[in-house]
Structure formats: structure tokens, C-alpha cells
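Colleague: Build me a model from this:
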Amino acid sequence: LLVGLITLPYYRFFNFNTLRPIEDIARHTSEQNSLPIVLALLDRWRTRKRNELDFITIACVAITAIITASFSWNIVADGHWIASALWFASLTLSICGILLSAQQVQVLILLDALPEDPKSPQAFKAVQRYLPQLLLPALSQPFDSERPRDEQFLGNWTVRWKMVFTWQCPMMFTAYSFLCYLIGLTVLVATPLLRRETWGPQSNIAVIYLGSFVLAWGVFIYCSLWGYQPIDLDDGHGEGSG
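Modeller: Got it, this is the predicted structure:
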């Protein structure tokens, strides 16, 4: 429940691009002749993650530009101080998102692309190169008598939660950057209500804005948590996607 609440602003990204793919990879590593499956799963995860990181870069640049433009509004000087504080926090988060996204792109480049053919000599080494960046070797490894008769047996691995957190960080920074901006915008618009000023046009604007804010976020939460039918991620039995 706690993880669901923390990742709510980017729930789908977290589940489909980070957590579930890593859990699927960990589950398949201990199986006999699992190299083709794990190779395909890693390739799909890498493709999704690269697309996500590209999106993050664009989104963070966009929110940075939005924040910069927002500070030029005349009403900012008279608004509640929390609004400006949240916008500065949003700016910091977006910059961190850009930097960490670039860092992870570089890590994926250093890890190199995965070969499409699981029978190629490079396939086993490529998988072994990727696994420590996602998983942790299990404390209990099978004895030789229990080990599958497979020269390319990958061993038992478990989810490395430190890496789950690391790989989801750029999207977390991006999501919370937008969230801080929106909360700051809400505080700014609602300043007349917060200060209990005499009712006037600005108060009317605040009421209409708050109504649209509640409606928009209600729809967003519904779509994020319940709006889609369950999606069965591919299990890696197909060919890699390049």
C-alpha cells in the first residue's frame, strides 16, 4: 500500500517499466534452459527503459520551461510564499531527473545492446553483464547434484530492491516535479482564500480552479489505478525487439 501511494503519480511507469519486468526476469533465471527467455525479457526491459528515459528528458525540459515562464507572472510577487517554494523544489527535481536520466542512458550504452540470437557466443555473457544491474544473487544456490544440466545455467537471483529504486528514480523525480508545480500553482491561485481576503474576482477564479483541479485529479487517479484492463506483459518467449 505504501509503495502504491508513493508511486501513484507514476504508477503505470513504475509497474510496467521497472518493477514487473525485473520480477519476471528474476523468476525465470533459475529455470532450466532459461537463457532465451531471460535474454528476450532483458531486451524488452531495455527498450522500454530507453523509451521512458527519452520521455523523461523531454518532460523535464518542458516543466523547467513552464516553471521559468510562471515566475514572470505578476501575481507571483503577491502570492503565498509556499507557491514559490514549491516551484523552486519542482525546478530542482526536474534538473535531477534530467541528470539521472542521462546517467542511466549512459549505463545502458555501456552495458551495450543485447544480441538477438540466444545461441550466439555473446548471449550468455551479455545476460551475465545485465543481471547484477537488476538482481541480487540468491543466498541459496543449487548444489551440483541439483543444478540443471545446462552449461549456461544463470543461477538463482532475487530482486535487488536498491536497483528497483535506482531505475525508477528519474521517473519519480519527473512525476514529483510536476506534482510540486501543480500544488504550487494551486496555492498561488488559492492565495485569496488562504488569506481570507475580501471576496472578489480572484476568489471566484480560485473556486473555479479548485473545482477543475479536483475533477482533473480524480479522473487521473481513476485512469491510473482502475481505468485499464489488466495487461499481461510478454513472457519473453518471442524474439528480442532489438
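Colleague: Quick check: buried residues in the helix ranked longest in the chain?
Modeller: As assigned by DSSP state H, the longest helix anywhere in the chain is helix 35-70. Residues of helix 35-70 classed as buried by neighbour count (16 or more other CB atoms under 10 Å): 35-49, 52-53, 55-57, 59-60, 63-64, 66-67, 70. (Glycine included, C-beta is placed from N, CA and C.)
Colleague: what's the answer for stretch 2-15, then?
Modeller: In stretch 2-15, counting by 16+ other CB under 10 Å, buried: 7, 9-11, 13-15.
Colleague: Excluding chain neighbours, what is closest to residue 200?
Modeller: residue 192 (7.2 Å; CB to CB, 6 or more residues apart in numbering).
Colleague: now swap in residue 169 and tell me
Modeller: Nearest to residue 169 is residue 100, by CB to CB, 6+ apart, at 5.6 Å.
Colleague: Could you name the helices and strands sitting against whichever strand or helix holds residue 162?
Modeller: Using DSSP states H and E, residue 162 maps to helix 161-189. Counting contacts by 3 or more CB pairs under 8 Å, 6 or more residues apart in numbering; DSSP states H and E, helix 161-189 is packed against helix 11-14, helix 20-29, helix 35-70, helix 81-111, helix 201-225.
Colleague: Show me the shaky parts of this structure.
Modeller: 1, 140-152, 230, 232-242 (pLDDT under 70).
Colleague: Now the element after the helix holding residue 162, going C-ward?
Modeller: Following helix 161-189 in sequence, per DSSP H and E, is helix 191-194.
Colleague: C-alpha coordinates for stretch 164-180, PDB please?
Modeller: The C-alpha coordinates for stretch 164-180 follow below in PDB (Å, rounded to 0.1, in the frame of the first residue of the first chain):
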ATOM      1  CA  VAL A 164      14.500  -1.100  -8.400                       C
ATOM      2  CA  PHE A 165      14.600   2.200  -6.600                       C
ATOM      3  CA  THR A 166      17.500   3.400  -8.700                       C
ATOM      4  CA  TRP A 167      16.000   2.600 -12.100                       C
ATOM      5  CA  GLN A 168      12.700   4.300 -11.100                       C
ATOM      6  CA  CYS A 169      14.300   7.400  -9.700                       C
ATOM      7  CA  PRO A 170      14.300   9.500 -12.900                       C
ATOM      8  CA  MET A 171      10.500   9.000 -13.400                       C
ATOM      9  CA  MET A 172      10.000   9.700  -9.700                       C
ATOM     10  CA  PHE A 173      11.800  13.000  -9.900                       C
ATOM     11  CA  THR A 174       9.800  13.900 -13.000                       C
ATOM     12  CA  ALA A 175       6.400  13.000 -11.500                       C
ATOM     13  CA  TYR A 176       7.100  14.800  -8.300                       C
ATOM     14  CA  SER A 177       8.400  17.800 -10.200                       C
ATOM     15  CA  PHE A 178       5.100  18.100 -12.000                       C
ATOM     16  CA  LEU A 179       3.200  17.400  -8.700                       C
ATOM     17  CA  CYS A 180       5.200  20.200  -6.900                       C
END
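Colleague: Buried residues in it, which are they?
Modeller: Applying 16+ other CB under 10 Å to stretch 164-180 flags 164, 166-180 as buried.
Colleague: where does the residue sitting furthest away from the middle of the chain land in three-state SS?
Modeller: For the chain, the largest distance from the centre (CA atoms, centre = their mean) belongs to residue 198, which lies 43.5 Å off. Following DSSP: H, G, I helix; E, B strand; the rest coil, residue 198 is assigned to coil.
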